[in-house]
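# Just need the structure, nothing else, for what follows:
(2 chains)
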Number of protein chains: 2
Amino acid sequence: MMMMSISNEPFALAHKEEYKIYGFPYSASTWRVLAVLHEKGLSYYPITVNLRTGEQKKPSFLSINPFGQVPVLLDGHLKLTESRAISLYIENTHRSRGSKLLNHKNYKKMGIETMWMYIESFEFDPPATTLTFEQAIKPMTGLKTDYKVVNETEPQLEKVLDIYEERLKISRFLAGNRFTLADLFHLPNIEYLMNTTTKRLFENRPNVHRWVAKIMARPAWRKACDANA
Amino acid sequence: MMMMSISNEPFALAHKEEYKIYGFPYSASTWRVLAVLHEKGLSYYPITVNLRTGEQKKPSFLSINPFGQVPVLLDGHLKLTESRAISLYIENTHRSRGSKLLNHKNYKKMGIETMWMYIESFEFDPPATTLTFEQAIKPMTGLKTDYKVVNETEPQLEKVLDIYEERLKISRFLAGNRFTLADLFHLPNIEYLMNTTTKRLFENRPNVHRWVAKIMARPAWRKACDANA
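Residues are numbered from 1 along each chain as shown, chains lettered A, B, ... in the order given. This next block holds a predicted model:
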């Protein structure tokens, strides 16, 4: 596998290899940023940080991100960490390009979009990341899934998905009838969880199931995943 | 105690009692939003949700916020949850009023501010909230502090504060030389932790200590705290 820069897009690239992205193929947070870049039709230059050999905790990388995490975006002299902050930066600087991932003009709509972004961060991400780690990341690295943790964490995710199910009865996407960063932020964990038994929690809820199918099928997301093939 | 609307500000109030805030005096997340309202010189109409009697988990409140949490902002027909999303909404809709809490014109600066907001959410908040809960919230409700949890969590907070210490050597505030939402978001947990033995972790680090003193002394923050007196 290699993270590849986009080179055969059907439209001219605005910032060819301007962005440098430190990342790793199995890093869900890296995928999040790649999804945004593909949605906006932007290219990037990938720099692999090998999480399996602990490269992210070595002094050479800690000087880039003291928290020892990928992704990191370099845009000229600007260095950003935190996948969601990088995503917002890219969307803000390319508002009119590619997919429109936020409503920049209507503050009320932007407020609702921001709310659903924070619901992802504080409600969805904690149980989803735990379930992904136990059932997808640990087996990849030869560690054993702790099913006690899985069984304790699934009900937390179910509570969140019950609320999503009600919401998605009245709107096509979380923040309204358009796909936004609020939906996109969920994709990396969902991609992992759809290959685990936790999948049933999404499929048991018809509106959540429809939403998951819809966001997972986005061409930009498939391209972000293909970069890890 | 009552959460009071601001009525004696030295300048005209733009939105007198337009905002309704569901909150509770001891809710750190409620304080976060009150701090923003005071920074912007905006009034609000408080509606108390008694977290001690579990009012937030009753059907009447779950119909307002299915996650059963305060604060909730009502702005006319708009309803927002998540204190950080509410804060961003208020700042976005009142950019030129009161304290400027984000750089809306320079996307690179906004990117750095957004990054530090997410560092607060994903790095600072988890250990800080655990330490606040064990040492401040539990004793208030007659529960016993679990010092095993405190001892396990403090090193996690120390790692974050070590990085903050380095950062605050080169800038007065986290995102640069101006106070922004990135700093403000930290205040509720810090206010609680400065009354616990965890205080020493902040005071042991000279630049963190200076920063904490500076942000805690802001008149808007003192007013947000006084609303709980």
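
# Distance of the residue lying closest to A:H209 once chain neighbours are set aside relative to A:D125?
Excluding its sequence neighbours, the residue lying closest to A:H209 (CB to CB, 6 or more residues apart in numbering or on different chains) is A:E203, at 5.1 Å. (C-beta placed from N, C-alpha, C; glycine too.) Using CB to CB, to the nearest Å, A:E203 is found at 20 Å from A:D125.

# Who has more neighbours out of the two?
Of the pair A:E203 and A:D125, A:D125 is the one with more neighbours under other CB atoms under 10 Å in any protein chain shown, namely 21 against 12.

# part of a helix, is the more buried one?
Yes. Judged by DSSP: H, G, I helix; E, B strand; the rest coil, A:D125 forms part of a helix.

# In this structure it contacts A:N189, no?
Yes. The criterion here is CB atoms under 8 Å, and A:D125 meets it with A:N189 at 7.0 Å.

# Who are the contact partners of the most centrally placed residue in chain A?
In chain A, the centroid-proximal residue (CA atoms, centre = their mean) is A:R32; its distance is 2.7 Å. Residues near A:R32 by CB atoms under 8 Å, 6 or more residues apart in numbering or on different chains: A:P71, A:S83, A:R84, A:S87, A:L184, A:F185, A:L187, A:P188.

# and the closest residue to the fifth one other than its chain neighbours, helix, strand or coil?
To tie it back to what came earlier, the one meant is A:L184. With CB to CB, 6+ apart as the criterion, A:L184 has its nearest non-adjacent residue at 5.7 Å, and that residue is A:A35. Of the three states, A:A35 takes helix according to three-state DSSP.

# any idea how far A:A35 lies from B:N103?
The value you get for A:A35 to B:N103, if CB to CB is used, is 26 Å.

# The host helix or strand of A:V150 - contacts with which helices or strands?
Counting by DSSP states H and E, the element that carries A:V150 is helix A:147-170. Where contact means 3 or more CB pairs under 8 Å, 6 or more residues apart in numbering or on different chains; DSSP states H and E, helix A:147-170 is packed against helix A:125-132, helix A:199-203, helix A:206-216.

# How far off centre is the first one?
To tie it back to what came earlier, the one meant is helix A:125-132. Its chain's average C-alpha position is 13 Å from that of helix A:125-132, according to CA atoms, centre = their mean, to the nearest Å.

# The second one too?
The chain centroid and the centroid of helix A:199-203 are separated by 19 Å under CA atoms, centre = their mean.

# Now do it: which elements does it pack against?
Helix A:199-203 packs on helix A:147-170, helix A:187-193, helix A:206-216, going by 3+ CB pairs under 8 Å, 6+ apart.

# Over to the longest one?
For helix A:206-216, the packing partners by 3+ CB pairs under 8 Å, 6+ apart come out as helix A:147-170, helix A:181-184, helix A:187-193, helix A:199-203.

# Now the element after that helix, going C-ward?
Defined by DSSP H and E, the subsequent element after helix A:206-216 is helix A:219-226.

# Run the chain-centre distance for that next one.
Distance, centroid of helix A:219-226 to centroid of chain: 11 Å (CA atoms, centre = their mean).

# Tell me the buried residues in it?
Of the residues in helix A:219-226, A:A220, A:W221, A:K223, A:A224, A:C225 count as buried by neighbour count, 16 or more other CB atoms under 10 Å in any protein chain shown.

# Tell me the one of those residues nearest chain B?
Within the buried residues of helix A:219-226, the smallest distance to chain B is 19.8 Å, found for A:A224 (CB to the nearest CB).

# which residues does that closest one contact?
Contacts of A:A224 by CB under 8 Å, 6+ apart are A:W31, A:L34, A:A35, A:L37, A:H38.

# Now flag whichever of the residues you listed is closest to B:Y107.
Distances from B:Y107 to these, taken as CB to CB, are shortest for A:L37 (16.0 Å).

# now the closest one: how far from A:R218?
Counting by CB to CB - A:L37 and A:R218 are separated by 13 Å.

# Compare these two (neighbour count), which wins?
More crowded of A:L37 and A:R218, by other CB under 10 Å: A:L37, with 26 against 18.

# Around chain B, pick out the residues from chain A.
When proximity is defined as CB under 8 Å from any CB of the partner chain, chain A approaches chain B at A:66-67, A:75, A:78, A:80-82, A:84-86, A:88-89, A:92-93, A:107-108, A:110-112, A:114-115, A:117-119, A:121-123, A:163, A:166.

# repeat that for 6 Å
A:66, A:78, A:80-82, A:84-85, A:88-89, A:92-93, A:107-108, A:111, A:114-115, A:118, A:121, A:163 (CB under 6 Å from any CB of the partner chain).

# do you know how far the residue nearest to the centre of chain A is from A:F122?
16 Å.

# Then A:R52?
29 Å.

# What residues does A:L78 make contact with?
Counting by CB atoms under 6 Å, 6 or more residues apart in numbering or on different chains, A:L78 touches B:K108.

# Could you rerun that using 7 Å?
A:L78 makes contact with B:K108, B:G111, according to CB atoms under 7 Å, 6 or more residues apart in numbering or on different chains.

# Give the bridge partners for it, please.
Assessed by DSSP bridges, A:L78 has beta-bridge partners A:D75.

# number of nearby residues for A:A217?
So A:A217, with other CB under 10 Å, has 9 neighbours.

# Likewise for A:G176?
By other CB under 10 Å, neighbour count at A:G176 equals 16.

# got it, and A:V150?
Around A:V150 there are 16 residues (other CB under 10 Å).

# Which secondary structure element is home to the nearest residue to A:T180 once chain neighbours are set aside?
Spatial nearest neighbour of A:T180, chain neighbours left out: A:E113 (4.9 Å); criterion: CB to CB, 6+ apart. Using DSSP H and E, A:E113 sits within helix A:107-119.
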